[in-house]
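Enquirer: take this sequence and fold it.
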Amino acid sequence: MSEVSLERPRTAGATVFPVLAGASFCHLLNDMIQSLFTAAYPIFKGGFDLSFAQIGLLTLVYQLTASLLQPLIGIYTDRRPQPYSLPFGMGVTMVALLVLAVASSYPMLLAASALLGIGSSIFHPESSRLARLASGGAHGLAQSIFQIGGNLGAALGPLLVAFFVLPHGQASLAWFALAALGGMLVLTALSRWYTSNGHARPAARGGAVIHPDLTMRQVGGALSVLFCLMVSKWFYLATFTSYYIFFLVGRFGIRDAQAQIYLFVFLASVAAGTLIGGPVGDRIGRKTVIWVSILGVLPFALALPYVSLPATVALSVVIGLLIASAFPAIVVYAQELMPGRVGMVSGLFFGLAFGMGGVGAAVLGVLADWTSIDFVYRACAFLPAIGVLAALLPNVDRRRTAAGR
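Expert: The predicted model follows:
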């Protein structure tokens, strides 16, 4: 992506695809590094003799750090945008990766997981705002383009672990610091576009804080419903992101490398679902997408713990496609609830994603130690039923949807 293409004046309302592509690419690098961390859990479990509870604690520290910081950073940057915080956040992620590569004790792994959380907390709110600024009004499409980069990066992690890290060992994680360095260069260019197009000025006071057709009570109720849906979605996803490899190895007796490939298949389906969810929400309404994508997972989740390996892989693809389509719709829906608080909302929901995934991984790790991984999958299969609460969400995009018919 050239500097000229980023800084050329744009027509108002045009979608700036080079900026969206750059933001998505950096999201890919950021989440690829995070996925390397979770996909390398079998290495850490064997090398440091960790229990499932200790693995869950690693995820909890990493994701809880991000969840607590992201809303605070979003609130601050709503008033004082910080475009050059983007390459800085990627730099923190690079340092975390280097610590992982040389870690010689469990406390060092915990420290690296905290640094990963800090890097993500800096990256996500401002990069999500950048995607919205470059959207030209196609907010769902822009959010999907931005998020698919992250999902593709998450999907690449298991493959890289299977074919590079497992053969060469923990220290080989350091090579991926070069990817983070490349991300810092691209983010610096994006930050220049952000600044040169006038988006980095402090926000004016008095802008619309909530949707004009809703009361504060209605907005609060809708946010509470979204919170419950996020708990359902991310607790269930934690069974895959942290424990799917152990589930496949334990249930079907396959090798770690083969299980990593099946994890990649699931995460690739998540990436595809993310790309679908945003633009479909632009066309048919985000509430519909949220409803179908979470509640629709239920029958497939209930069947997955009891079927053969080929059927498990097939069901995981359907689950990934459906459940991932919810997140772009949820983020943009929440941004429309509170249009004057884009940074805070983005930070809050990306933070919830990290926090709920982290808490879920920790709780499920303890449950797996007490019972079994198979029991965790059977119990968590009921979580998508919480999607029925989507019926309580107000139709904030009803006017736009009606006008498009």
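
Enquirer: now do the buried residues in the helix or strand that contains residue 270.
Expert: Using DSSP states H and E, the element containing residue 270 is helix 256-284. With burial defined by 16 or more other CB atoms under 10 Å, the residues of helix 256-284 counted as buried are 256-257, 259-264, 266-282. Placement of C-beta: from N, CA and C, glycine included.

Enquirer: packing partners of the helix or strand containing residue 76?
Expert: For residue 76, the enclosing helix or strand under DSSP H and E is helix 52-79. Counting contacts by 3 or more CB pairs under 8 Å, 6 or more residues apart in numbering; DSSP states H and E, helix 52-79 is packed against helix 17-39, helix 41-48, helix 106-133, helix 342-370.

Enquirer: and the third one, what other elements does it pack with?
Expert: In this structure, helix 106-133 packs against helix 17-39, helix 41-48, helix 52-79, helix 85-102, helix 139-160, helix 177-196, helix 342-370, with contacts taken as 3+ CB pairs under 8 Å, 6+ apart.

Enquirer: among those, which is nearest residue 289?
Expert: Evaluated over those, closeness to residue 289 peaks at helix 139-160, with 8.7 Å, by CB to CB.

Enquirer: and that closest one, what does it pack against?
Expert: helix 17-39, helix 106-133, helix 256-284, helix 326-337.

Enquirer: now do the shortest one: distance to the chain's middle.
Expert: Using CA atoms, centre = their mean, to the nearest Å, the mean C-alpha position of helix 326-337 is found 13 Å from that of the whole chain.

Enquirer: tell me the angle of that helix relative to helix 139-160?
Expert: Relative orientation of helix 326-337 versus helix 139-160 (axes from the mean of the first three to the mean of the last three CA atoms, to 10 degrees): 150 degrees.

Enquirer: identify the residues contacting helix 326-337?
Expert: Contacts to helix 326-337, defined as CB atoms under 8 Å, 6 or more residues apart in numbering, come from residues 128, 132, 139-140, 143-144, 147, 210-211, 214, 219, 222-223, 226, 229-230, 233, 274, 277-278, 280-281, 286-287, 289-290, 293-294, 342, 345-346, 348-350, 353, 393, 396-397.

Enquirer: tell me the confidence at residue 212?
Expert: Confidence at residue 212, expressed as pLDDT, is 59.

Enquirer: so in this structure, where's the weakest helix or strand by average pLDDT?
Expert: helix 3-7 (a mean of 37; mean pLDDT, DSSP states H and E).

Enquirer: could you list the low-confidence segments of the stretch 251-400 of the chain?
Expert: 340-344, 346-347, 350-355, 358, 397-400 (pLDDT under 70).

Enquirer: neighbours of the closest residue to residue 182 other than its chain neighbours, how many?
Expert: Nearest residue to residue 182 in three dimensions, chain neighbours excluded: residue 29, at 7.0 Å (CB to CB, 6 or more residues apart in numbering). Counted with other CB atoms under 10 Å, the neighbours of residue 29 add up to 26.

Enquirer: show me the contacts for the residue nearest to residue 372 when sequence neighbours are not counted.
Expert: Of all residues beyond its chain neighbours, the one nearest residue 372 is residue 250 (7.8 Å), with distances taken as CB to CB, 6+ apart. Counting by CB under 8 Å, 6+ apart, residue 250 touches 372-374.

Enquirer: what of residue 312?
Expert: 248, 252, 304.

Enquirer: only whichever of these are buried, select them in PyMOL.
Expert: Remark: buried members of the contacts of residue 312, expressed as a PyMOL selection using 16+ other CB under 10 Å:
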select buried, resi 248+304
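
Enquirer: from the contacts of residue 312, which land in strands?
Expert: Among the contacts of residue 312, none falls in strands (DSSP state E).

Enquirer: and residue 288, what does it touch?
Expert: Per CB under 8 Å, 6+ apart, neighbours of residue 288: residue 281.

Enquirer: which strand or helix spans it?
Expert: helix 286-295.

Enquirer: put the alpha carbons of that helix into CSV.
Expert: Extracted C-alpha coordinates of helix 286-295, given in CSV (Å, rounded to 0.1, in the frame of the first residue of the first chain):
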residue,chain,number,x,y,z
ARG,A,286,-28.4,-6.4,12.2
LYS,A,287,-30.9,-7.7,14.7
THR,A,288,-31.9,-10.5,12.3
VAL,A,289,-28.3,-11.5,11.8
ILE,A,290,-27.6,-11.5,15.6
TRP,A,291,-30.7,-13.6,16.2
VAL,A,292,-29.9,-16.2,13.6
SER,A,293,-26.2,-16.5,14.1
ILE,A,294,-26.3,-17.3,17.8
LEU,A,295,-29.6,-19.2,18.3
